[in-house]
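>>> Please work out how this folds:
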Amino acid sequence: MDFLRELPSKDRAKIEGDVNVMRSGDLHSPRIKTLRGAVKELIVKEYRILFFIHEHVIYFVRAFRKKSMKTPRKEIEYAERIYKLTTNT
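Numbering: from 1, shown residues only. Reported below is the predicted structural model:
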């Protein structure tokens with residue numbers, strides 16, 4: 001992800017740490033919020049990484065710095081489109 005490379009090293013390390021925890025199968029330790037259906041967001045400080053899980057694979061769709069209280073609708077809709085394309089639903 002180009003987004004991660006541009007972050008300060010401490011922030012990048014925290015995100016990478018949470019992603020590695022998720023890859024190990026622990027979806028309870030990182031701060032995760034369900035947005036809509038299968039689309040969820042990993043919350044790390046002011047950063048959000050949208051993802052979904054399909055057939056035991058975590059698909060990270062988009063990462064951004066959250067600037068308001070609500071996750072932008074266009075980001076959620078984009079993640080939903082990718083989910084539908086990936087799962088053929």
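
>>> Show the subsequent helix or strand relative to the lowest-mean-pLDDT helix or strand in the chain.
In the chain, the helix or strand scored least confidently by mean pLDDT, DSSP states H and E is helix 2-5, which has a mean of 86. Sequence-wise, the next helix or strand downstream of helix 2-5 (DSSP states H and E) is helix 9-23.

>>> can you tell me the helix or strand for residue 27?
Short version, using DSSP H and E: residue 27 is in no helix or strand.

>>> mind checking how far it is from residue 58?
9 Å (C-beta to C-beta, to the nearest Å). Backbone N, C-alpha and C define where each C-beta goes, glycine included.

>>> ok, back up a step: just the buried residues of the least confident helix or strand of the chain, please?
Buried residues in helix 2-5, defined by neighbour count with 16 or more other C-beta atoms under 10 Å: none.

>>> From the chain's centroid, how far away is it?
13 Å (C-alpha atoms, centre = their mean, to the nearest Å).

>>> could you say what helices and strands it packs with?
Helices and strands touching helix 2-5, by 3 or more C-beta pairs under 8 Å, 6 or more residues apart in numbering; DSSP states H and E, are helix 9-23, strand 57-65.

>>> Which of those sits closest to residue 39?
strand 57-65 (7.8 Å; C-beta to C-beta).

>>> Flag every buried residue along the closest one.
Residues of strand 57-65 classed as buried by neighbour count (16+ other C-beta under 10 Å): 61, 62, 63.

>>> Same check on stretch 4-14?
The neighbour-count check on stretch 4-14 (16+ other C-beta under 10 Å) flags 7, 11, 12, 14 as buried.

>>> Return the set of buried residues in stretch 19-26.
For stretch 19-26, a neighbour-count test (16+ other C-beta under 10 Å) marks 19, 22 as buried.

>>> hmm, I was thinking of stretch 64-75
For stretch 64-75, by 16+ other C-beta under 10 Å, it's 71, 75.
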